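Novice: Sequence first, then the predicted structure, then my questions.
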Amino acid sequence: MFLVGEGDPGFPTLSEETRREMGGRTGLEIVPGAMHYLFEEPRALEFVAQRSRDGFATLFAPPA
């Protein structure tokens, strides 16, 4: 899973290209209001933590 800040110039596009090239189960999440990969903006790190938790829960869920 790629988590990138919406205001980080170039990274959403670069991350999407990389994700497509990887193939398989990948995802791209844009972190609202975040400018950089450190996610220092208010509520950005909480957003990253929630999306990471949800992504791992889906990835490691037992088969239906």
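Specialist: The structure has been received and is ready for your questions. Numbering: from 1, shown residues only.

Novice: going forward, measure contacts between C-alpha atoms and count neighbours the same way
Specialist: Will do.

Novice: Are we agreed that Pro12 is in a helix?
Specialist: Yes: according to DSSP: H, G, I helix; E, B strand; the rest coil, Pro12 belongs to a helix.

Novice: thought it was touching Val31?
Specialist: No: contact criterion Cα atoms under 8 Å: Pro12 and Val31 do not qualify, at 9.9 Å.

Novice: what's the overlap in contacts for the two?
Specialist: Residues touching both Pro12 and Val31 (Cα atoms under 8 Å, 6 or more residues apart in numbering) are Val4, Gly5, Glu6.

Novice: Return the per-residue confidence for Pro12.
Specialist: Per-residue pLDDT puts Pro12 at 74.

Novice: And it, how close does it get to Phe56?
Specialist: Distance, Pro12 to Phe56, using Cα to Cα, to the nearest Å: 21 Å.

Novice: So between those two, which is more surrounded?
Specialist: Pro12 (20 against 11; other Cα atoms under 10 Å).

Novice: pull the CA atoms of the longest helix along the chain into PDB?
Specialist: As assigned by DSSP state H, the longest helix anywhere in the chain is helix 44-59. Extracted in PDB, the C-alpha atoms of helix 44-59 (Å, rounded to 0.1, in the frame of the first residue of the first chain):
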ATOM      1  CA  ALA A  44      -2.500  13.100   8.900                       C
ATOM      2  CA  LEU A  45      -0.700  10.400  11.000                       C
ATOM      3  CA  GLU A  46      -4.000   9.200  12.400                       C
ATOM      4  CA  PHE A  47      -5.300   8.800   8.800                       C
ATOM      5  CA  VAL A  48      -2.200   6.800   7.900                       C
ATOM      6  CA  ALA A  49      -2.600   4.600  10.900                       C
ATOM      7  CA  GLN A  50      -6.300   3.900  10.200                       C
ATOM      8  CA  ARG A  51      -5.700   3.100   6.500                       C
ATOM      9  CA  SER A  52      -2.700   0.900   7.400                       C
ATOM     10  CA  ARG A  53      -4.800  -1.000   9.900                       C
ATOM     11  CA  ASP A  54      -7.600  -1.500   7.500                       C
ATOM     12  CA  GLY A  55      -5.300  -2.500   4.700                       C
ATOM     13  CA  PHE A  56      -3.500  -5.100   6.800                       C
ATOM     14  CA  ALA A  57      -6.800  -6.400   8.200                       C
ATOM     15  CA  THR A  58      -8.000  -7.000   4.600                       C
ATOM     16  CA  LEU A  59      -4.800  -8.500   3.400                       C
END
